[in-house]
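J.: Fold the following, please.
(one chain, ligands or ions: 2)
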Amino acid sequence: MTLPVILITGKRGQVGFELERSLAVLGHVVAVGRDECDLTNTNAIFSLLERIQPNVIVNPAAYTAVDKAETEVELATQLNATTPAALAQWTAANDALLVHYSTDYVFDGRKSGWYSEDDTPYPQSIYGKTKLAGENAIQASNCRHLILRTAWVYGVHGDNFLKTMLRLMKEREALSIVADQIGSPTSAALLADLTAQLVAMYWRTANRASFAFGTYHAVAEGETSWHEYAQTINRLATQMGWAFRVTADAITPIPAHNYPTSTQRPANSRLATTKLRTSFNLTLPPWQQGVKQVLTQLRAGAQQ
Ligand SMILES: NC(=O)C1=CN([C@@H]2O[C@H](COP(=O)(O)OP(=O)(O)OC[C@H]3O[C@@H](n4cnc5c(N)ncnc54)[C@H](OP(=O)(O)O)[C@@H]3O)[C@@H](O)[C@H]2O)C=CC1
Ligand SMILES: Cc1cn([C@H]2C[C@H](O)[C@@H](COP(=O)(O)OP(=O)(O)O[C@H]3O[C@@H](C)C(=O)[C@@H](O)[C@H]3O)O2)c(=O)[nH]c1=O
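T.: Ligands and ions are numbered 1, 2, ... in the order given. You can find the predicted model right below:
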């Protein structure tokens, strides 16, 4: 079997960084960052695609600054909607596969249970709206696609809540963290490994056009609040030898309205992964497992 040519965008992002590792064994990987291709330039996207001729395009590049997106609507729209639309157009015309990532923020968070792929999105933020527009453009193109909706991503590489907490817990004697928003912290490495499993399954399928394309929720198992997540980071990191000024018990739970931000996050970000399990027989590990792994890696790096 010939190996696929796999194009990865956003190679310096949290997920892009891990994808370069996880996809390397599957085919000829070309990973690009902003310097190689500015994704706000549609002509540059098409000339890159024509040059590389990928069989699989994996697109973790995005505009992810949730609060800033409220004032940078044009740029967020360009990266989260126009760029995926261009990738989808080329994918459809060339019988390639597009793997794309979306977010829990496409929902308003008012549902009481877990969100399924059949629930109607109703984003409340510019970030969520532009990500939904990207999903819609991909679906409308009829290209072969997998849209993985994930949430609360963190990893060794890049900026994220876990790393912010490690810093603040060293700097401050007290911390107040939002306790009335719930979701599933998902590691970038887990998402990248899942992506590699799906791409491998697709490439092995005799009749690739018949693969179970579509939108899937892809988050680590279980749920927590940002507050409980911060306490877990504190406890696990303390066990590993980190020294903090604040203890887990001194992290105060607060309602979201006491932590003013320019856009409101969903109160309920829980995404059910039943469809992923029934379609591909894939289950994802408890969220705490990834937290332990990332803390271990960060600790090892810090000690080098
Ligand atoms: N982070 C999270 O909590 C969540 C993320 N997601 C989705 O998962 C995907 C991956 O997220 P994550 O890895 O955290 O994102 P990051 O913000 O870590 O990475 C985004 C990447 O996009 C690249 N990028 C931004 N603008 C351009 C541009 N003009 N041209 C080329 N590249 C550009 C960035 O490049 P550079 O490094 O040069 O800035 C960066 O590498 C995204 O689709 C996101 O919406 C979904 C749910 C949660
Ligand atoms: C830093 C900090 C945050 N918080 C709260 C604010 C907010 O409700 C929550 C998370 O804040 P952040 O700004 O880190 O998270 P945010 O940027 O909203 O994270 C989101 O990013 C995008 C890209 C996604 O797609 C989402 O799934 C989600 O991960 O924690 C505190 O309560 N205290 C603090 O000191």
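J.: in stretch 10-26, what's buried?
T.: 10-11, 13-20, 22-23, 26 (16 or more other Cβ atoms under 10 Å). Bear in mind the C-beta positions are built from the backbone N, C-alpha and C, glycine included.
J.: An error on my part: the question was meant for stretch 135-148.
T.: Buried residues in stretch 135-148 (16+ other Cβ under 10 Å): 135, 137-138, 141, 143-148.
J.: check whether that stretch contacts ligand 1.
T.: No - residues of stretch 135-148 are not located near ligand 1 by Cβ under 6 Å from any ligand atom, the shortest gap being 8.0 Å.
J.: from the chain's centre, how far out does that stretch sit?
T.: 16 Å (Cα atoms, centre = their mean, to the nearest Å).
J.: same check, this time on stretch 112-124
T.: On Cα atoms, centre = their mean, the centre of stretch 112-124 falls 17 Å from that of its chain.
J.: mind checking the end-to-end distance for that stretch?
T.: Terminal residues of stretch 112-124 are spaced 17 Å apart (Cα to Cα, to the nearest Å).
J.: Over to stretch 59-66?
T.: Stretch 59-66 has an end-to-end distance of 18 Å (Cα to Cα).
J.: Can you name the residue of the stretch 151-300 of the chain nearest ligand 1?
T.: Proximity of the stretch 151-300 of the chain to ligand 1 (Cβ to the nearest ligand atom) peaks at residue 153, 3.4 Å away.
J.: export the buried residues of stretch 10-26 to TSV and tack on pLDDT, distance to ligand 1 and secondary structure?
T.: Formatted as TSV, the buried residues of stretch 10-26 follow (pLDDT from 0 to 100; distance: Cβ to the nearest ligand atom, whole Å; DSSP: H, G, I helix; E, B strand; the rest coil):
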residue	pLDDT	distance to ligand 1	secondary structure
10	97	3	coil
11	97	7	coil
13	97	2	coil
14	97	3	helix
15	98	4	helix
16	98	5	helix
17	97	8	helix
18	97	8	helix
19	98	9	helix
20	97	11	helix
22	98	13	helix
23	98	14	helix
26	97	19	coil
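J.: From the residues you listed, pick the one nearest residue 39.
T.: Nearest to residue 39, judged by Cβ to Cβ, of those is residue 10 at 8.0 Å.
J.: Now that closest one: closest residue in space, sequence neighbours ignored.
T.: Nearest non-adjacent residue to residue 10, counting by Cβ to Cβ, 6 or more residues apart in numbering: residue 61, 3.1 Å away.
J.: Output the buried residues of stretch 10-26 as CSV; include the columns distance to ligand 2.
T.: Shown next, in CSV, are the buried residues of stretch 10-26 (distance: Cβ to the nearest ligand atom, whole Å):
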residue, distance to ligand 2
10, 13
11, 18
13, 10
14, 9
15, 11
16, 14
17, 15
18, 16
19, 17
20, 20
22, 20
23, 22
26, 26
